[in-house]
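Novice: Need the 3D shape of this:
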Amino acid sequence: MAEPAILIWGAGAIGGTIGAYMRRAGHDVTFVDRAADHVSAMNRDGLAITGPVTEFKVAAPALLPSQVAGRYQVVLLCVKAQDTAEAAQAIEPHLAATGCIVSVQNGLNELVIADIVGKPRTVGAFVNFGADYLSPGVILYGGRGAVVVGEIDGRRTHRAEMLHRLLLDFDDRAVLTGNIWGYLWAKLAYGAMLFATALTDASIADCLASERHRQLFVALPQEVLRIAAAEGIRPESFDGFDPAAFMPGASPADARKSLDALVEHNRRSAKSHSGIWRDLAVRKRKTEAEHQLGPIVAAAKRHNLVAPLTDRTIALIREIEDGRRKQEWAGLDLLADMVPA
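Specialist: Predicted coordinates:
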């Protein structure tokens, strides 16, 4: 059976990095991006991966969304959460009847994709590596992190095994899981912490190491994981984030150990700040706050729970987006003051 051609929809930090590795491994990969200058640079000069992990360049055939033709068996969707519905609708006419969209994103975007193309054509994925779009045709790969793929219904299928083999050409530690929702909700808990760090101009590691804010960085994941439990989710650990350390019955020492591991993981990465911080400080654009954290608040309401820290984080991020607040420690202080001593 011939290997399927792969469409990478969104050739930024995530899609650009994974797609470049797959091209280098010899896979038939085409990139799609709405940034005309990025598409032009890739077609003209190739796609360059830079940073401490590795340096290389590959030929990178690239298209604007309006230029895509034909149908594909495998589409890796790597756009921001707020762009998921629009992208999935654009992909649907080009998705084979037996094909799939793999959500290589942050958040619970598999739910949005499944509503558009159907659950049988939706596959879940989780990534936590550090990367940034630097300029047209250039991506920084700053540090390795978890890479996971799995069917949204938990089954082990030939399709999932094939996708896992593809991802092994990007990272030889990639995991095939029967519990993709456990990874996605665990990333939401960690993601809430990352959104909080973006309220400041400090690095992820410096924020997580701050004694003044340590209790906040325990309370935030606790809040999210309490909601995950109500949803029937069994969260998975990754890259130093241990959900069990933030669950009922865990000791303060467990949480501190996990936070210390997260500090160490982030200090090793050349990507010192989150993509959320970069959206606010460098690219001056909307973040994924409402589309990543909003579903947490919505899930809390379904179960008659509350998510005050998550809700307040969304509001503070929105103030920065609107130019009404600066990225400084004072924003993180406001969140910390909500946590009982």
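Novice: quick one: contacts for Ala245?
Specialist: The contact partners of Ala245, by Cβ atoms under 8 Å, 6 or more residues apart in numbering, come to 254-255, 257-258. Where C-beta positions appear, they are placed from N, C-alpha and C, glycine not excepted.
Novice: want to throw those into TSV with neighbour count and distance to His265?
Specialist: Converted to TSV, the contacts of Ala245 look like this (neighbours: other Cβ atoms under 10 Å; distance: Cβ to Cβ, whole Å):
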residue	neighbour count	distance to His265
Asp254	16	17
Ala255	22	16
Lys257	14	13
Ser258	24	10
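Novice: I'd like to know which of the residues you listed are part of helices.
Specialist: 254-255, 257-258 (DSSP state H).
Novice: ranges for the strands of the stretch 1-150 of the chain?
Specialist: 6-9, 29-32, 47-50, 56-58, 62-63, 72-77, 95-103, 122-127, 130-135, 138-143, 147-151 (DSSP state E, counting those that start in this stretch).
Novice: The ones you listed into a markdown table, with extra columns for mean pLDDT?
Specialist: Shown next, in a markdown table, are these (pLDDT from 0 to 100):
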| stretch | mean pLDDT |
| --- | --- |
| strand 6-9 | 98 |
| strand 29-32 | 98 |
| strand 47-50 | 98 |
| strand 56-58 | 98 |
| strand 62-63 | 98 |
| strand 72-77 | 98 |
| strand 95-103 | 97 |
| strand 122-127 | 98 |
| strand 130-135 | 95 |
| strand 138-143 | 96 |
| strand 147-151 | 98 |
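Novice: isn't Trp329 right up against Ala202?
Specialist: Yes: at 7.1 Å, Trp329 counts as touching Ala202 under the criterion of Cβ atoms under 8 Å.
Novice: ok, the two, which is more surrounded?
Specialist: Neighbours per residue (other Cβ atoms under 10 Å) separate Trp329 from Ala202, with Ala202 holding more: 20 against 16.
Novice: so what's the more buried one up against?
Specialist: Contacts of Ala202 (Cβ under 8 Å, 6+ apart): 210, 329.
Novice: one step back: could you single out the nearest of the contacts of Ala245 to Ile14?
Specialist: When the contacts of Ala245 are ranked by distance to Ile14 (Cβ to Cβ), Ser258 comes first, at 24.4 Å.
Novice: Can you pull up the most central residue in this protein?
Specialist: Among the residues of the chain, the one closest to the centroid is Asn106, at 2.9 Å (Cα atoms, centre = their mean).
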